[in-house]
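1. My questions concern the predicted model and sequence given below.
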Amino acid sequence: MELSRPALAVTVLLTAVVVGPWLARIAVRLGTRDDAALPSPLRTGALTAVFAALLAGAGELTGLRPVTVALAWAAGAAVVLGAADLIGHRLPDRVTYPAYAVCGTALLVDAAVEGTWTALLRAGAAAVVAGGIAALGWLVSPQGLGLGDVKLLGLVGLLLGWFGWGVLMAGVFLGLLTGALVSVLLLVTRRATWHTAVPFGPPLLAGAVLALATGAIPPG
């Protein structure tokens, strides 16, 4: 079902205003491992704005159907995971695992309602392939790729794979490209050295968003 732009805007705004500050608080506490930590007003505003943009994009992409729940939940998880990784180089399982459960369930409901069974099977296969390749990378170089990254790649595979193998490959490529560009920028500005650990989660998430924004067409 298509949402009118005014209705979409109001829904996104209300959801972001209510949920965004809570996501910012969770991200800071997970990133710092401090249950009493609070985000700055600037961080809260920035993460709320990012969450609102992701929600709006999800609504524009799929309208109102079960898969929209998967994208909306993934938007919240992406905000928390990205911020926590930037703050403390962490991609907590307590965020990733529920995202798998909610997104997988939403895709299953979408298949039952919209008949997107082929897309569901492809999403499952993509999650296994993306997570499996990432796991091999972790085995070869644990210092370069963490287990949190492996689990995140599986989740990205699940969501992007639902839209198509091409979207998944584009998302991974754009994520790697974004990470490389950020690393070069940090080196040029001398904010990092060749030995500095750069979090992989935010570039990967950015690549996934870019792939969905530029080339994704919902099945069904």
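-> Structure's in. What do you need?
2. buried set for the strand or helix carrying Gly154?
-> Assigned by DSSP states H and E, Gly154 belongs to helix 147-163. Neighbour counts using 16 or more other C-beta atoms under 10 Å place 148-163 of helix 147-163 among the buried residues. Quick note: C-beta positions are derived from backbone N, CA and C, even for glycine.
3. ditto for stretch 46-60
-> 46-48, 50-52, 54-59.
4. Then stretch 90-98?
-> 90-92, 95-96.
5. State the mean pLDDT of stretch 13-20.
-> Mean pLDDT, stretch 13-20: 92.
6. Report the central residue of this protein.
-> Ala78 (3.7 Å; C-alpha atoms, centre = their mean).
7. May I see the buried residues of stretch 90-98 arranged in CSV, with distance to Leu205, secondary structure and pLDDT as well?
-> Converted to CSV, those look like this (distance: C-beta to C-beta, whole Å; DSSP: H, G, I helix; E, B strand; the rest coil; pLDDT from 0 to 100):
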residue, distance to Leu205, secondary structure, pLDDT
Arg90, 14, coil, 92
Leu91, 10, coil, 96
Pro92, 14, coil, 96
Val95, 12, helix, 97
Thr96, 12, helix, 97
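8. Let me know the closest of those residues to Arg191.
-> Top of the list for closeness to Arg191, among the buried residues of stretch 90-98 and by C-beta to C-beta, is Arg90 at 20.3 Å.
9. ok so, going back, out of the buried residues of stretch 46-60, which are inside helices?
-> 46-48, 50-52, 54-59 (DSSP state H).
10. from the residues you listed, which is closest to Leu107?
-> Nearest member of those to Leu107, counting by C-beta to C-beta, is Ala58, at 13.6 Å.
11. which non-adjacent residue is nearest the closest one?
-> Nearest non-adjacent residue to Ala58, counting by C-beta to C-beta, 6 or more residues apart in numbering: Leu71, 3.7 Å away.
12. Can you tell me the element that neighbour falls in?
-> Short version, using DSSP H and E: Leu71 is in helix 66-88.
13. That helix packs against which elements?
-> When contacts are defined as 3 or more C-beta pairs under 8 Å, 6 or more residues apart in numbering; DSSP states H and E, helix 66-88 sits against helix 5-32, helix 41-62, helix 93-114, helix 147-163, helix 201-215.
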